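model this:
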Amino acid sequence: MFDLGWTELMVIGVVALIVVGPKDLPGMFRTVGQFVGKAKGMARDFSRAMNDAADEAGVSDVQKTIKAATRPLNTAMDEVKKSTDSFTKQTMESGKPKLDPARQEKADKIAQKSAEVATARKAEEAKAAEAAAKPAPKPAAKPAAAKKPAAKPAAKKPTAKAAKAPAKPAAKPAKRPTSTAATKAASKTTAKAKDKA
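Predicted coordinates for the structure are as follows:
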């Protein structure tokens, strides 16, 4: 109603405290509260009386009509819905329209053919299901075939590149041992090798 914030209310309270005084301030707030309560009650009674008078005068019906007029799209859609509902009811009550005898014969042939195809498909599916359910038969043991001797590969002729390439040594020469124990072990090995030779 009044756009009062906390700062305005605090200023009003301080001014009231100064003007009225601390002794009479609670009584003043009580009187203001009673007055505000009576004003709200009167406003509530007035609005209720106005609504009752409007209902008696039929203003609510006029208000509904005005709302319907302001929304013509909704009104039009309601009318379309009513007409389609009535048409649907009429066509459903009359049943299926009868076909021309030639067309009826064609429709019966189509229905019969589709039924035959469906039964054939179901039979194929049943056979496939039975085949899947049965375990697969084991293949018969094949007789051992005689092994053929493997053909020997023909000797390859050395290519020109291979002939030109120098021969690589088979093993690298051993490095000299760094420790004295390794030197003794190497000398023993060479001594044994000389004795055998």
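
helix or strand: which one has residue 9?
helix 6-20 (DSSP states H and E).

next SSE downstream of that helix?
Following helix 6-20 in sequence, per DSSP H and E, is helix 25-57.

quick check: angle from that following helix to helix 6-20?
If you take axes from the mean of the first three to the mean of the last three CA atoms, to 10 degrees, helix 25-57 sits at 120 degrees to helix 6-20.

burial of the closest residue to residue 25 other than its chain neighbours, as a residue count?
Spatial nearest neighbour of residue 25, chain neighbours left out: residue 17 (6.1 Å); criterion: CB to CB, 6 or more residues apart in numbering. Heads up, the C-betas are built off the backbone N, CA and C, glycines and all. Counted with other CB atoms under 10 Å, the neighbours of residue 17 add up to 11.

cool, residue 49 as well?
Residue 49: 10 neighbours (other CB under 10 Å).

before we move on, the earlier item: who touches the helix holding residue 9?
Outside helix 6-20, the residues that touch it by CB atoms under 8 Å, 6 or more residues apart in numbering are 4, 25, 28.

low-confidence ranges in the protein?
1-2, 72-75, 90-97, 135-186, 191-197 (pLDDT under 70).

for the protein, what spans make up the helices?
6-20, 25-57, 59-70, 72-94, 101-133, 160-164, 180-196 (DSSP state H).

just the closest of the contacts of helix 6-20 to residue 83, please.
Top of the list for closeness to residue 83, among the contacts of helix 6-20 and by CB to CB, is residue 4 at 57.1 Å.

ok, the closest one - how many residues close by?
Neighbour number of residue 4 under other CB under 10 Å is 10.

likewise for residue 20?
The burial count for residue 20: 14, using other CB under 10 Å.

same thing with residue 16?
Using other CB under 10 Å: residue 16 sits among 15 other residues.

tell me the spacing between it and residue 132.
Distance, residue 16 to residue 132, by CB to CB, to the nearest Å: 96 Å.

can you check residue 33 too?
89 Å.

mind listing what residue 61 touches?
Listed by CB under 8 Å, 6+ apart, the contact set of residue 61 is empty.

ugh, wrong one, residue 52
Shown in contact with residue 52 (CB under 8 Å, 6+ apart): no residues.

tell me the buried residues in the helix holding residue 9?
Buried residues in helix 6-20, defined by neighbour count with 16 or more other CB atoms under 10 Å: none.
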